[in-house]
Structures are given as C-alpha cells and as structure tokens.
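**Q** A structural model of the following input is requested.
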Amino acid sequence: MLDIKFVREHSEEVKENIKKKFQDKKLPLVDEVIDLDGKIRVLKTKGDVLRQERNTTSDEIGALFREKKVDEANNKKARVVEINKELVDIEKEEEELSVLLKEKMMMIPNMIADDVPIGEDDSCNVEEARFGEPVVPDYEIPYHSDIMGSFNGLDKEAAGRVSGNGFYYLMGDIARLHSAVLAYARDFMIDKGFTYCIPPFMIHGDAVDGVMSFEEKDAMMYKIEGEDLYLIGTSEHSMIAKFKDQLLKESDLPITMTSYSPCFRKEVGAHGIEERGVYRIHQFEKQEMVVICRPEESEEWYDKMWNYSVELFRSLDIPVRKLVCCSGDLADLKYRSCDIEAWSPRQKKYFEVCSCSNLTDAQARRLGIRYKKENGEKEFAHTLNNTVIAPPRMLIAFLENNLQEDGSVLIPEALRPYMGGKEKLEVK
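**A** Now for the predicted structure:
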C-alpha cells in the first residue's frame, strides 16, 4: 500500500505506474482516494476546531458559575452538548470514509522499480543470467512422475480417491529425498545467518489482507469454514505477519528468518491443476526466507537472496537461470521480482523453482510494521521474501538432472548426509 501523501503529490506518476502494470481499470482509484482523503482532512479540521471550542467553552462555564452567571453558563453547557453531538457525527463519517479509503488504497499497486522491463504478462519476462551448463543427455529422460514411479515413490491414484485431484502420496526413497532436500535447505539458510522458524499454518483474515492483494487472496487462499482463519499459501504470510502492528528497534534490523511449512493453494486461474505430475498441486511443503530491513538495505538484500537460491541449486548439480519479472507479471505489492528457473533436460527448457521479491514498504504499511530510528523518528520497514526450496516441484529438476542412463539417480555430495550416506537411488 502506498502512502496517501505520495499519491496526492505524485498522482500522475501513480497513474503511469498503473498503466505500466496494464491495470487501466484501476486508474479511477487515484482520483477517488485523493477525493476521499480531502474529505477526511476537512472533517479532521472541523473536528479539531470543535474540540478547541469545546475546551474553551468548558473552561468558561466554570468561571461563569463562579461569577453567578447561571443563565449564561447553562447556555454554554447547551453549546457543549451540541458540539458533542456534532463530533459524534463527524467522527462516524470520518471512520466510514477512512475504511473506504484504506480499501481503495490497498487496490492501488506498489510503485515498481525504474529498471523493471515493461510487459503485459510472463511471456515478457527477461532472462538475465545462467548458472551451470544446461545438458540434454543422449538417453531419454522420462516424465517426472514416471521417474518417481520407477522407485515406487508416487501414488496419485490413491491420493485422488482420498483427497481428489491435486494431491499425492510420496513413498520410500522419493519421500525420503523430499525430506532430505528440505532439511538441507534449512541448514543451508541457517549457515547464512538466518533464524530457523516453524510458523502457524493458519492466519486471520486481517493478516491475509496485510500480506497480499485481494486478487491473490481470492485465487490462492483456502478459508476454514466458520472461522476467521485461512490456510497459508506460503510461510512468508505468517512470517511477515508475526510483526503486524509492531514498532521494532532499528538496532534489531535486519531480521532474517527461514521457515518450514506446508503450503495450500486453490490455484485458481489459467494454469490449473496438473492431472499427471506434481508440478502444480494444492498441497506442498516449502522452505522460505524472509527479511525485514531498513529501506536503504532492501536492494542489497534482494541481490543476496536470489543469489542464495542460485548457490543452493548449483550445490545440487542443477543448472538454473535468473529471469527478471516484467511489470505485468508483478503482483501488486512488488517493487521488483525475479524467478530462479531450473533446467529441465526432458523439456529442454527452464521452469520456475524460486521467486524472489522486494516489496519495499508496501506490505509493511498494510501490516503496520515500523521501526524507531536512533533519532526517534518512526519509519515503515522494507520486507522481502524468496523461496529457498519447494518440493515436490523442486524434485522434478533434481531427478531429471541427476538421472542416469540405467534409471538410477545420483545423490550430490552435499545431500548425502541427509540421505543416510546414499550415493544413488536404485530403481526398484
């Protein structure tokens, strides 16, 4: 959410930013919030004038009674009653307009970075760098669910009977591999100085509204029937909301955390749920990283975070590339974002495995996350998030890139301690 003062003083820039995100239907919101803000400020001024009059009049009443000027004192008392009634009406109208203003402000997208490529959708995202040589072996790479099946590691049929489409059973070595990469990712981030956390897996509606746009909420979140609780779509939601309405100390920043959680997503939209494999599903597990920092540090942390993703995937012998997200592919709260995509030798292309984002102060404003500077000033913090690892999707890249001609899968050296010392998975 933007600062209303910024919107007032830079309305044309805000409108241009909306156009860059191809959200022209939101253009009227800019004038609407400026108008609402003007009305609220008029009401505040009127209320302040009335309160001053009430205070002055109340002081006069006592003096008039002491001077035995009873009729005049009673007239003053009657005026105080009138003022109180007027204030009730003003405060009620001000509250109603403030709620409406916040709702509309939360629909206006965050300003994007000047160097974000302009494009309508993810087809306009720009490759910036590659890390590792993408190799296509001279033997066939089966579909990932078939690779998992060769180890008796995946049962979607049973999951369909139990839970429906978009769910899965992982079994045996594949299930162990799933847990191993999560444990490895956890320790990788702890070694980078991040504090490990297991957060709540359900959060209140006001926390959801604080961490994401209304459109994302409708497309992603599962609501618990009869409760003001939502299943998280990523642990970033509850990790950032941990600091809702908190005033932090500047000396405590940056706050760097890495978290494990299951994630639940409706996956409403054009992509849909994959029938056969485990690329796009309703339930998965994930290791996440989040940072809360001072504004002047957020771009430096952004670069650190996506580089951590590259380092981790390369340590598992998986080639990756960095893809810069264009304006139309940025969610409303994002200042800039990039995807780290892993190489798929079967598809002969890259696919998304991590998403790193700098949200500047947009998320912190919605949640009320501020810090107190050494000079006593209070300022909104900047928030960032990035996927560390998200199996079972990540397992697709792992299995394809480490698959051998005989059907076995090599275990990279970094992961072997988490797999009981195994150097490879053997076909069942």
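**Q** For the rest of this, base every contact and every neighbour count on C-alpha atoms.
**A** Noted.
**Q** The host helix or strand of Gly210: which residues count as buried?
**A** In this assignment (DSSP states H and E), Gly210 forms part of helix 205-211. Using 16 or more other Cα atoms under 10 Å as the test for burial, helix 205-211 gives 207-211.
**Q** in the helix or strand just after it, what counts as buried?
**A** Counting by DSSP H and E, the next helix or strand C-terminal to helix 205-211 is helix 214-220. Buried residues in helix 214-220, counted by 16+ other Cα under 10 Å: 214, 216-217, 220.
**Q** got those as CSV, with distance to Ala364 columns?
**A** Formatted as CSV, these follow (distance: Cα to Cα, whole Å):
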residue, distance to Ala364
Phe214, 16
Glu216, 17
Lys217, 17
Met220, 21
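**Q** farthest-separated two in these?
**A** Phe214 and Met220 (10.0 Å; Cα to Cα).
**Q** what does the helix or strand of the chain with the lowest mean pLDDT rub up against?
**A** Using mean pLDDT, DSSP states H and E, helix 214-220 stands out as the lowest-scoring helix or strand of the chain, at a mean of 84. By Cα atoms under 8 Å, 6 or more residues apart in numbering, the surrounding residues in contact with helix 214-220 are 107, 208-209, 233, 264-269.
**Q** Just among these, which is most surrounded?
**A** Gly233 (27 neighbours; other Cα atoms under 10 Å).
**Q** To which secondary structure element type does it belong?
**A** Under DSSP: H, G, I helix; E, B strand; the rest coil, the three-state class of Gly233 is coil.
**Q** Need the phi and psi values for the closest residue to Met171 other than its chain neighbours.
**A** Closest residue to Met171 apart from its sequence neighbours, by Cα to Cα, 6 or more residues apart in numbering: Gly153 at 4.3 Å. Here is the backbone geometry of Gly153 (degrees, to the nearest 10): phi -110, psi -10.
**Q** For Gly153, grab the count of nearby residues.
**A** Counted with other Cα under 10 Å, Gly153 comes out at 20.
**Q** Just the element for Asp31, please.
**A** With DSSP H and E as criterion, Asp31 is part of helix 27-66.
**Q** got the buried residues for that helix?
**A** Neighbour-count burial for helix 27-66 [16+ other Cα under 10 Å]: 27, 29-30, 33-34, 36-37, 39-40, 43, 47, 50-51, 54, 57-58, 60-61, 64.
**Q** and what of stretch 68-79?
**A** So, applying 16+ other Cα under 10 Å, buried residues of stretch 68-79: 73, 76-77, 79.
**Q** Quick one: mean pLDDT for that stretch?
**A** Average pLDDT, stretch 68-79: 86.
**Q** how far does that stretch sit from the chain's center?
**A** 59 Å (Cα atoms, centre = their mean, to the nearest Å).
**Q** Just list what the helix or strand that contains Lys322 packs against, helices and strands only.
**A** Following DSSP H and E, one finds Lys322 within strand 320-324. The elements that strand 320-324 packs onto, with contact taken as 3 or more Cα pairs under 8 Å, 6 or more residues apart in numbering; DSSP states H and E, are strand 126-131, helix 298-315, strand 336-344.
**Q** Swap in 10 Å and give it another go.
**A** Packing partners of strand 320-324 (3 or more Cα pairs under 10 Å, 6 or more residues apart in numbering; DSSP states H and E): strand 126-131, helix 298-315, strand 336-344, strand 349-358.
**Q** Could you grab the helix/strand/coil label for the nearest residue to Pro142 once chain neighbours are set aside?
**A** With Cα to Cα, 6+ apart as the criterion, Pro142 has its nearest non-adjacent residue at 6.9 Å, and that residue is Arg346. On the three-state scheme (three-state DSSP), Arg346 is labelled coil.
**Q** What's the separation between Arg346 and Ile190?
**A** From Arg346 across to Ile190, the span is 33 Å (Cα to Cα, to the nearest Å).
**Q** neighbour count winner among these two?
**A** Neighbours were counted for Arg346 and for Ile190 using other Cα under 10 Å; Arg346 has more, 18 against 15.
**Q** And the pLDDT at that one?
**A** 95.
**Q** Please report the distance of it from Lys15.
**A** The gap separating Arg346 from Lys15 is 44 Å, by Cα to Cα.
**Q** Over to Leu316?
**A** Taking Cα to Cα, one finds Leu316 at 44 Å from Lys15.
**Q** Which one's more surrounded, those two?
**A** When Leu316 and Lys15 are compared for neighbours, Lys15 comes out ahead with 23 against 18, by other Cα under 10 Å.
**Q** backbone phi and psi for the more buried one, please?
**A** phi -70, psi -40.
**Q** list the contacts for the nearest residue to it once chain neighbours are set aside?
**A** Closest residue to Lys15 apart from its sequence neighbours, by Cα to Cα, 6+ apart: Leu27 at 5.9 Å. Leu27 makes contact with 14-19, 108, according to Cα atoms under 10 Å, 6 or more residues apart in numbering.
**Q** For ChimeraX, what selects the buried ones among these?
**A** In ChimeraX, a selection of the buried entries from the contacts of Leu27 looks like this (16+ other Cα under 10 Å):
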select :14,15,17,18,19,108
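**Q** can you redo the contacts of Leu27 as CSV with pLDDT and distance to Leu410?
**A** CSV is the format used below for those (pLDDT from 0 to 100; distance: Cα to Cα, whole Å):
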residue, pLDDT, distance to Leu410
Val14, 98, 51
Lys15, 98, 52
Glu16, 98, 51
Asn17, 98, 48
Ile18, 98, 48
Lys19, 98, 48
Ile108, 97, 48
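**Q** Could you tell me which of the contacts of Leu27 belong to helices?
**A** 14-19 (DSSP state H).
**Q** Pick out the most distant pair among those.
**A** Between any two of these, the greatest separation by Cα to Cα is 8.8 Å, found for Val14 and Lys19.
**Q** Isn't Ser259 up against Tyr196?
**A** Yes - Ser259 is within contact range of Tyr196, at 5.7 Å (criterion: Cα atoms under 10 Å).
**Q** So between those two, which is more surrounded?
**A** Ser259 (25 against 18).
**Q** I'd assumed that one was in a helix, is it?
**A** No - going by three-state DSSP, the assignment for Ser259 is strand, not a helix.
**Q** Who are the contact partners of Pro200?
**A** 231-232, 235, 237-239, 242, 261.
**Q** and if we set it to 6 Å?
**A** Counting by Cα atoms under 6 Å, 6 or more residues apart in numbering, Pro200 makes contact with nothing.
**Q** Could you pull up phi and psi at it?
**A** Per degrees, to the nearest 10, the backbone of Pro200 is at phi -60, psi 150.
**Q** now the one 3 residues further on
**A** Its backbone dihedrals place Ile203 at phi -140, psi 160, with angles given as degrees, to the nearest 10.
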